[in-house]
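K.L.:
Kindly return the folded structure for what I paste below:
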Amino acid sequence: MLAVVFQVRQLSTKKPQLSVLLWERAMEPQRGAWSLPGGRLRHDEDMTSSVRRQLAEKVDLRELAHLEQLAVFSDPDRVPGPRTIASTFLGLVPSPATPELPPDTRWHPVSALPPMAFDHGPMVTNAHARLIAKLSYTNIGFALAPKEFALSTLRDIYSAALGHPVDATNLQRVLERRNVITRTGTTARSGRSGGRPAALYRFTESRYRVTDEFAALRPPG
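P.N.:
Below is the predicted model of the structure:
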């Protein structure tokens, strides 16, 4: 089992980017190559519990807001040696959580992945495509966002995850119509530039649900 864990992260001075958690393989084959964290299922655990355990034990990651099984990769030649079937899981870490990672583990922008072991690159691509679809027809954005946020923050998170610009006003209208977000009744602290404090919002639920099964958040134009 392998986990594709995403988080929208602020990298240097650039806008937030969707990043994926990778670690360096410690054993052959392809020792030292970047790969997805994971491992084998124990006889006394279910698959979801196993993935959570492996993320906690191997890369010290416990801040998951969402975890679900995604796909099975079963090409006979996907790895050298005996045939190995891999089941992938989608994991999401909210911003601005900052998990302390071991030295061999690092966040990489999805838009600039390093060379990866075996078929792990296509696994990331598959998981990203599924995340994009789910952002359109479910409330899964709760698993990437802070508990409270300004609309500009939510816009940046959706833009990073979708891979294209998102208009904050349109996003607000769509998510409020679906009862996905609501105002908290409070405002953000004013910045150094002053100006009117931004209203804060929150997701109405922190449990995954389908909100509009036929919806799609498309690029502008």
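K.L.:
Quick one: residues contacting the closest residue to Lys134 other than its chain neighbours.
P.N.:
Sequence neighbours aside, Ile140 is the residue nearest to Lys134 in space, at 4.6 Å (criterion: Cβ to Cβ, 6 or more residues apart in numbering). The way it works is simple: take the backbone N, C-alpha and C, and place the C-beta from them, glycine included. When contacts are counted by Cβ atoms under 8 Å, 6 or more residues apart in numbering, Ile140 touches His66, Leu92, Leu131, Lys134, Tyr208.
K.L.:
Looking at neighbours, which among those residues is most surrounded?
P.N.:
Counting neighbours by other Cβ atoms under 10 Å, Leu92 leads the contacts of Ile140 with 25 neighbours.
K.L.:
re earlier: looking at the contacts of Ile140, which is nearest Gln10?
P.N.:
Nearest to Gln10 among the contacts of Ile140: Leu92, at 16.6 Å, using Cβ to Cβ.
K.L.:
Which residues are in contact with the closest residue in space to the closest one that isn't next to it in sequence?
P.N.:
Distances taken as Cβ to Cβ, 6+ apart place Ala143 nearest to Leu92, at 3.8 Å, with adjacent residues excluded. By Cβ under 8 Å, 6+ apart, the contact list for Ala143 reads Ala65, His66, Leu92, Val93, Pro94, Ser206, Tyr208.
K.L.:
Quick check on Phe73: phi, psi?
P.N.:
Dihedral pair for Phe73: phi -110, psi 120, per degrees, to the nearest 10.
K.L.:
Could you measure from the residue nearest to it when sequence neighbours are not counted over to Gly121?
P.N.:
In space, not counting the residues next to it along the chain, Phe73 is nearest to Ala86; the distance is 4.6 Å by Cβ to Cβ, 6+ apart. Separation of Ala86 from Gly121 (Cβ to Cβ, to the nearest Å): 13 Å.
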